[in-house]
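Visitor: Build the 3D model from these lines:
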Amino acid sequence: MLSSLPNGSRPVVLDVQDLRVHYATPRGDVIAVNGISFQVYQGETVGLVGESGCGKTTTAMAILRLVQPPGRIIGGRVLIEGTDLVPLTEKQLREMRWNKLALIPQGAMNSLNPVMRIKDQIGDAITTHEGKQPRDVLKGRILELLNQVGLPARVYNMYPHELSGGMKQRVCVAMAIALNPPLIIADEPTSALDVVVQRVVAQTLLDVKQRLGVSMILIGHDMGLQAQLVDRIIVMYAGNIVEIAPVREAFKNPLHPYTQLLIASIPSIKERKPLKVTEGLTHDLRNPPPGCVFQFRCPYAREICRSLRPQLKAYGVEHFTACHIYENPMLYENSAPIATATRPATPGALYASDLMKEVDPHAGAAA
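Guide: This next block holds a predicted model:
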């Protein structure tokens, strides 16, 4: 539980506590989400980032109670404005979705019904929860929603196949805000779009947040987009949270080696620099090793990393990370990293600034 944040004085919209999600396989359960905890406050956007397979989307589906078999939630709590979603019945969940939390899916092309007009799809979301309404009132609400996401009134009578990818994605945004829920989860909403349309959709999300004051979870692995849109960033690796920080602090002073490598992967238009690539593979998610989950790919791993799992601890205002480097810096200065042929030499003093420079020598100038 990260209840000691200074943000704690703000109302908590979402409180995830020790959430665990497993997927059953013939050779044992895959641990997709491994006891993560975080909070989302009123009016803020939280970025959930990490490489493919780290558990981002599974976390979102678990919050929405949409994990499909063979997946299952095996533990934890998901509190929306104080109501735990995990034990709710399907009927109770239908009442919560759209009213209390909504999803902007990754692929709008696959989420909209191809044989229904846009007016009917948005109208269905409204009338299902609020009951039948006068036709002119419902039409006015739908047109206003389309206007809020920057779509012309003609979209009202169109089918999904008549819209571009960016327009379809903005229809999904309009559906998500139809009942003004306090929390919206956007699952990589720009990943299937070209860069110009990505900008339009990203601006739409910003406008929605500022105008309606909703809280948002933005899932993705585009660190550049996260830097522009979110207030805080949560970094996941192999189903675990390895760092939580305000977005400016995360880019200026990333603590966890994995976060540093993610930021170093952002291409620069000002200079040519080599791409930093980690060696090794993620461990078998059915059988996690003792110790740190990043040990097989970390250039700074020591023996303690092989045996003792680091806990998420505060190392600054609202800045949390799970790494032994910061628990005992002297231990790292006086011992050599575990020898592998592909790992770079470790700097003499492993403080946060030195670690950042080791991963990206130009990071300080960029900040």
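Visitor: three-state assignment of the residue nearest the centre of the chain?
Guide: Taking Cα atoms, centre = their mean, the centroid of the chain lies closest to Leu48, which sits 1.9 Å from it. Classification of Leu48 by DSSP: H, G, I helix; E, B strand; the rest coil places it in strand.
Visitor: Distance check, it against Arg232.
Guide: 10 Å (Cβ to Cβ, to the nearest Å). Bear in mind the C-beta positions are built from the backbone N, C-alpha and C, glycine included.
Visitor: hmm, back to that, residues contacting the residue nearest to the centre of the chain?
Guide: Leu48 sits next to Lys56, Thr59, Ala60, Ile217, Leu218, Ile219, Gly220, Ile234, Met236 when contact means Cβ atoms under 8 Å, 6 or more residues apart in numbering.
Visitor: can you tell me which of these are in strands?
Guide: Per DSSP state E, strands hold the following members of the contacts of Leu48: Ile217, Leu218, Ile219, Gly220, Ile234, Met236.
Visitor: so Met109 makes contact with Gly165?
Guide: Yes. With contact defined as Cβ atoms under 8 Å, Met109 counts as touching Gly165 (6.8 Å).
Visitor: okay, and the common contacts of the two?
Guide: Contacts common to Met109 and Gly165, judged by Cβ under 8 Å, 6+ apart, are Ala192.
Visitor: about what we covered before: mind putting the ones in strands among the contacts of Leu48 in a markdown table, distance to Gly291 included?
Guide: Shown next, in a markdown table, are the ones in strands among the contacts of Leu48 (distance: Cβ to Cβ, whole Å):
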| residue | distance to Gly291 |
| --- | --- |
| Ile217 | 29 |
| Leu218 | 31 |
| Ile219 | 27 |
| Gly220 | 28 |
| Ile234 | 22 |
| Met236 | 18 |
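Visitor: nearest to Ser37, of those residues?
Guide: Ile234 (10.4 Å; Cβ to Cβ).
Visitor: how near is that closest one to Asn328?
Guide: For Ile234 relative to Asn328 (Cβ to Cβ), the value is 25 Å.
Visitor: Neighbour count: those two, which is higher?
Guide: Taking neighbours as other Cβ atoms under 10 Å, Ile234 and Asn328 compare with Ile234 leading, 25 against 12.
Visitor: Verify the contact between that one and Val49 for me.
Guide: Yes. Counting by Cβ under 8 Å, Ile234 does reach Val49; the two are 7.1 Å apart.
Visitor: Give me the neighbour count for Asp284.
Guide: 13.
Visitor: which SS state does it fall under?
Guide: coil.
Visitor: Quick check: phi and psi at it.
Guide: phi -70, psi 120 (degrees, to the nearest 10).
Visitor: confidence score at it?
Guide: We have a pLDDT of 85 for Asp284.
Visitor: can you check Leu350 too?
Guide: Reported pLDDT for Leu350: 35.
Visitor: Gln106 too?
Guide: Confidence for Gln106, expressed as pLDDT, is 81.
Visitor: quick one: contacts for it?
Guide: Taking Cβ under 8 Å, 6+ apart, one finds Thr57, Asp187, Glu188, Pro189, Ser191, Ala192 in contact with Gln106.
Visitor: Pull out the buried residues from those residues.
Guide: Using 16 or more other Cβ atoms under 10 Å as the burial test, the contacts of Gln106 include Thr57, Asp187, Glu188, Pro189, Ala192 as buried.
Visitor: Touching, the last one and Met109? I think so.
Guide: Read that as Ala192. Yes. Using Cβ under 8 Å, Ala192 is in contact with Met109, at 7.4 Å.
Visitor: Now do the shared contacts for those two.
Guide: Gly165.
Visitor: Please enumerate the helices of the stretch 151-300 of the chain.
Guide: 165-176, 195-212, 223-229, 247-252, 257-264 (DSSP state H, counting those that start in this stretch).
Visitor: so what are the domain limits for the chain?
Guide: 6-237, 255-366 (automatic domain parsing).
Visitor: any idea which of these is most buried?
Guide: Of all the domains of the chain, domain 6-237 carries the top mean neighbour count, a mean of 18, counting by mean count of other Cβ atoms under 10 Å.
Visitor: returning to that earlier point: any chance of the contacts of Leu48 in CSV, with distance to Glu271 and pLDDT too?
Guide: Shown next, in CSV, are the contacts of Leu48 (distance: Cβ to Cβ, whole Å; pLDDT from 0 to 100):
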residue, distance to Glu271, pLDDT
Lys56, 30, 94
Thr59, 35, 96
Ala60, 35, 95
Ile217, 33, 96
Leu218, 28, 95
Ile219, 30, 94
Gly220, 25, 88
Ile234, 29, 97
Met236, 29, 96
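Visitor: possible to save those residues as CSV with distance to Ser265?
Guide: Formatted as CSV, the contacts of Leu48 follow (distance: Cβ to Cβ, whole Å):
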residue, distance to Ser265
Lys56, 16
Thr59, 22
Ala60, 23
Ile217, 22
Leu218, 18
Ile219, 17
Gly220, 13
Ile234, 18
Met236, 16
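Visitor: just the ones in strands among the contacts of Leu48 now: which is nearest Arg72?
Guide: Met236 (19.3 Å).
Visitor: Grab the nearest non-local neighbour of that closest one.
Guide: Gly50 (3.9 Å; Cβ to Cβ, 6 or more residues apart in numbering).
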